[in-house]
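Colleague: Coordinates only, no sequence provided:
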């Protein structure tokens with residue numbers, strides 16, 4: 001809660017209410033608590049004060065009724081502090097409130113009593129033998145989260161759904177005709193299907209798309225977070241532009257810190273998406289400045305200080321379009337990152353325990369994440385599995401680089417090759433243990449848009465993604481076609497639709513496809529047997 005709310009709670013908790021009348025308790029205690037819980041007039045979370053309800057011609061006036069989406073959820077009765085209460089409310093006070101709660105115009109699940117000294121909440125659908133929560137107002141600041149857990153507006157979802165489930169139990173625990181169960185199931189499904197348009201409209205009205213918040217976050221996040229986290233993942237085109245532009249802005253007028261983070265002297269952990277983002281960063285930086293104060297030797301290819309930005313951008317673009325040909329260490333790291341990602345997907349899809357972890361994390365998200373948030377709306381078990389795969393893949397790639405790094409930071413290429421071949425052997429063993437991986441992947445569909453199984457086997461994701469991001473800069477697309485047409489033709493032969501598009505080919509046009517030997521040379525140091533085993537295991541025989 002904001003500091004101002006905590007200060008307000010502190011003020012309430014220190015009031016001396018010994019001489020208060022009921023109206024004073026209502027005004028100086030209850031009204032302020034209600035506002036802090038998030039209720040207000042003319043909103044979805046509304047409050048009615050002293051509106052009459054009728055019993056056999058007699059009108060009664062409850063202190064508060066709380067309307068959420070035009071449905072009553074709970075009511076509160078303010079009471080004068082009396083010595084005889086002895087720290088809890090008696091039958092008379094509760095029975096009056098329960099009488100209001102059961103009225104059909106109210107039908108409140110929760111009944112709240114407050115006399116300025118204590119606040120008690122009763123759940124009339126569970127038990128009235130005692131309160132479900134007792135809070136002393138003197139401890140209101142420390143205990144307020146307990147009140148929120150029951151009374152803040154979003155809790156109506158759970159109380160109303162609880163009512164539905166309990167009513168189903170009451171009705172069908174006594175049912176003896178299975179046909180009626182199926183008829184009721186069909187009725188409920190029909191009603192829920194009909195509510196889709198209402199739910200979507202509520203979503204449009206209440207939930208702010210995450211990318212707006214993420215744009216703001218990308219503009220202000222630390223360089224370390226942008227590079228070490230967000231550079232590794234695909235984003236929507238607008239978000240990618242903000243990510244790149246934010247880093248370019250940090251490189252003005254002094255670009256050393258950003259450049260050293262993205263392109264350190266010695267090979268760092270990265271994946272195909274990271275490399276594509278790095279290429280577009282250099283191209284975008286070239287739009288703002290003609291020279292760079294410093295570059296690492298491996299990237300400068302000559303002059304390291306006051307180097308030409310356009311020259312370094314051209315050099316790195318060629319590396320991305322050629323799978324880092326000529327840079328053995330970084331090529332090896334990219335191949336390892338692709339293999340690690342494939343391995344973790346294999347493991348998560350084939351392990352019952354890990355698969356269930358997605359459900360566990362989903363339920364925790366339902367409990368912990370703010371209701372009116374994009375993360376809450378889009379949470380799913382499959383999404384959490386993808387998140388775990390991403391986290392493990394990044395950590396394992398970083399560990400791979402660490403294990404292959406010499407004392408001064410140099411990358412030990414031959415050691416890296418040994419580790420990489422061990423990864424490929426592990427992949428083959430995992431695939432062999434699964435009877436039909438393509439079918440399993442279909443049945444446990446993660447909705448993972450990334451070409452995990454194909455990347456680094458029969459598809460150059462880095463080259464393809466670089467060409468896609470390059471479309472932001474038409475002059476650079478023309479440059480790539482003019483200077484690197486053979487590389488783009490190779491990418492087209494390796495199933496890149498973007499490369500085919502740039503070459504003027506339609507989807508129906510024939511184009512020579514790379515052979516297994518070509519893919520093996522590109523991704524597996526010429527090991528055709530390994531390439532074929534992985535390709536057949538992931539997609540079946542072609």
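Modeller: Sure thing, it's come through. For clarity, every value in this text was computed on a predicted model and none was experimentally measured.

Colleague: contacts and neighbour counts: CA atoms only from here.
Modeller: Will do.

Colleague: Give me the below-cutoff pLDDT ranges for this structure.
Modeller: For the chain, the stretches with pLDDT under 70 are 40-53, 56-57, 60-72, 84-85, 200, 203-209, 211, 541-542.

Colleague: Dead centre of it: give me the residue that sits there.
Modeller: residue 375 (4.9 Å; C-alpha atoms, centre = their mean).

Colleague: quick one: that residue from residue 14, how far?
Modeller: 38 Å (C-alpha to C-alpha, to the nearest Å).

Colleague: quick one, what contacts the residue nearest to the centre of the chain?
Modeller: 210, 369 (C-alpha atoms under 8 Å, 6 or more residues apart in numbering).

Colleague: repeat for residue 266
Modeller: Here residue 266 is in contact with 409-411 (C-alpha under 8 Å, 6+ apart).

Colleague: try it again with 7 Å
Modeller: 409-410 (C-alpha atoms under 7 Å, 6 or more residues apart in numbering).

Colleague: do you know how far it is from residue 405?
Modeller: 9 Å.

Colleague: do residue 305 as well
Modeller: For residue 305 relative to residue 405 (C-alpha to C-alpha), the value is 26 Å.

Colleague: Next: residue 243.
Modeller: In terms of C-alpha to C-alpha, residue 243 sits 29 Å off from residue 405.

Colleague: Of those two, which one has the most company?
Modeller: residue 243 (24 against 19; other C-alpha atoms under 10 Å).

Colleague: Was I right to think that one contacts residue 216?
Modeller: No: with contact defined as C-alpha atoms under 7 Å, residue 243 does not reach residue 216; the gap is 10.0 Å.

Colleague: Phi, psi for residue 112 please.
Modeller: phi -120, psi 130 (degrees, to the nearest 10).

Colleague: hang on, I meant residue 117
Modeller: phi -100, psi -40.

Colleague: Name all residues that make contact with the closest residue to residue 143 other than its chain neighbours.
Modeller: Computed as C-alpha to C-alpha, 6 or more residues apart in numbering, the closest residue to residue 143 that is not its neighbour in sequence is residue 135, at 6.7 Å. By C-alpha under 7 Å, 6+ apart, the residues touching residue 135 are 118-120, 143.

Colleague: quick one: which of those residues is nearest residue 193?
Modeller: residue 120 (39.3 Å; C-alpha to C-alpha).

Colleague: Would you mind measuring from the residue nearest to residue 143 to residue 272?
Modeller: With distances taken as C-alpha to C-alpha, residue 135 is found 55 Å from residue 272.

Colleague: can you check residue 343 too?
Modeller: Residue 343 is 16 Å from residue 272, by C-alpha to C-alpha.

Colleague: Neighbour count for the two, which is higher?
Modeller: Legend: neighbour count by other C-alpha under 10 Å for residue 343 and residue 272, higher for residue 272 (28 against 22).

Colleague: show me what contacts residue 308?
Modeller: 290-292.

Colleague: and what of residue 362?
Modeller: Applying C-alpha under 7 Å, 6+ apart, the residues near residue 362 are 379-381, 384.

Colleague: In a strand, it, correct?
Modeller: No: under DSSP: H, G, I helix; E, B strand; the rest coil, residue 362 sits outside any strand and is assigned helix.

Colleague: Look up how far residue 488 lies from it.
Modeller: In terms of C-alpha to C-alpha, residue 362 sits 42 Å off from residue 488.

Colleague: residue boundaries of the helices in the stretch 301-450 of the chain?
Modeller: 309-321, 328-350, 352-368, 374-378, 381-403, 413-432, 437-443 (DSSP state H, counting those that start in this stretch).

Colleague: Kindly list the longest strand within the chain.
Modeller: In the chain, with assignment by DSSP state E, the single longest strand is strand 71-78.

Colleague: Other residues contacting the very next helix or strand once past that one?
Modeller: Under the assignment DSSP states H and E, the closest C-terminal helix or strand after strand 71-78 is helix 91-101. The contact list for helix 91-101, computed with C-alpha under 7 Å, 6+ apart, reads 62, 75, 77, 107-108, 111.

Colleague: Looking at those residues, spot the one nearest residue 354.
Modeller: Nearest to residue 354 among the contacts of helix 91-101, with distances taken as C-alpha to C-alpha, is residue 108, at 41.4 Å.

Colleague: Around the residue lying closest to residue 159 once chain neighbours are set aside, how many other residues sit close by?
Modeller: Spatial nearest neighbour of residue 159, chain neighbours left out: residue 109 (7.3 Å); criterion: C-alpha to C-alpha, 6+ apart. Number of residues near residue 109 (other C-alpha under 10 Å) recorded here: 21.

Colleague: what does residue 532 give?
Modeller: Neighbours of residue 532 using other C-alpha under 10 Å come to 19.

Colleague: do the one 4 residues further on as well
Modeller: Burial measure for residue 536: 15 neighbouring residues, criterion other C-alpha under 10 Å.

Colleague: ok, now which ones touch it?
Modeller: Contacts of residue 536 (C-alpha under 7 Å, 6+ apart): none.

Colleague: how much space between it and residue 457?
Modeller: 10 Å.

Colleague: Next: residue 258.
Modeller: 32 Å.

Colleague: okay, those two: which has more neighbours?
Modeller: Ranked by neighbour count (other C-alpha under 10 Å), residue 258 and residue 457 place residue 457 first, with 26 against 19.

Colleague: ok, that one touching residue 532?
Modeller: No: the criterion here is C-alpha under 7 Å, and residue 457 misses it with residue 532 at 8.8 Å.

Colleague: three-state assignment of residue 292?
Modeller: Under three-state DSSP, residue 292 comes out as strand.

Colleague: wait, it sits on residue 310?
Modeller: No: applying C-alpha under 7 Å as the test, residue 292 and residue 310 come out as separate, 9.8 Å apart.

Colleague: Same drill for those two, tell me which one is more crowded.
Modeller: residue 292 (22 against 18).

Colleague: And the helices in the stretch 1-150 of the chain?
Modeller: Under DSSP H, counting those that start in this stretch, the stretch 1-150 of the chain gives helices at 3-13, 22-25, 31-37, 91-101, 140-151.

Colleague: How far does the longest one sit from its chain's centre?
Modeller: What that stands for is helix 140-151. 27 Å (C-alpha atoms, centre = their mean, to the nearest Å).

Colleague: cool, and the third one?
Modeller: The gap between where helix 31-37 is centred and where its chain is centred comes out at 31 Å by C-alpha atoms, centre = their mean.

Colleague: Of all the residues in it, which ones are buried?
Modeller: 33-34, 36-37 (16 or more other C-alpha atoms under 10 Å).

Colleague: Can you tell me what sits against that helix?
Modeller: Outside helix 31-37, the residues touching it (C-alpha under 7 Å, 6+ apart) are 5, 148, 152.

Colleague: Residue 34 versus the first one, what's the distance?
Modeller: When you say that, I think you mean residue 5. Distance from residue 5 to residue 34, by C-alpha to C-alpha: 12 Å.

Colleague: Also the last one?
Modeller: Summarising the geometry, the distance separating residue 152 from residue 34, computed by C-alpha to C-alpha, is 9 Å.

Colleague: before we move on, what about residue 185?
Modeller: Distance of residue 185 to residue 34, given as C-alpha to C-alpha: 39 Å.

Colleague: do the same with residue 162
Modeller: When residue 162 is compared with residue 34 (using C-alpha to C-alpha), they lie 24 Å apart.

Colleague: coming back round to it: from the contacts of residue 362, list just the buried residues.
Modeller: For the contacts of residue 362, buried by 16+ other C-alpha under 10 Å: 379-381, 384.

Colleague: In JSON lines, list those along with distance to residue 494.
Modeller: What follows is the buried ones among the contacts of residue 362, written out as JSON lines (distance: C-alpha to C-alpha, whole Å):
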{"residue": "379", "distance to residue 494": "34"}
{"residue": "380", "distance to residue 494": "33"}
{"residue": "381", "distance to residue 494": "33"}
{"residue": "384", "distance to residue 494": "31"}
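
Colleague: now, which of the residues you listed sits nearest residue 314?
Modeller: residue 384 (38.0 Å).

Colleague: so how many other residues sit close to the residue nearest to the closest one when sequence neighbours are not counted?
Modeller: Spatial nearest neighbour of residue 384, chain neighbours left out: residue 358 (5.1 Å); criterion: C-alpha to C-alpha, 6+ apart. Residue 358 has 21 neighbouring residues, counting by other C-alpha under 10 Å.
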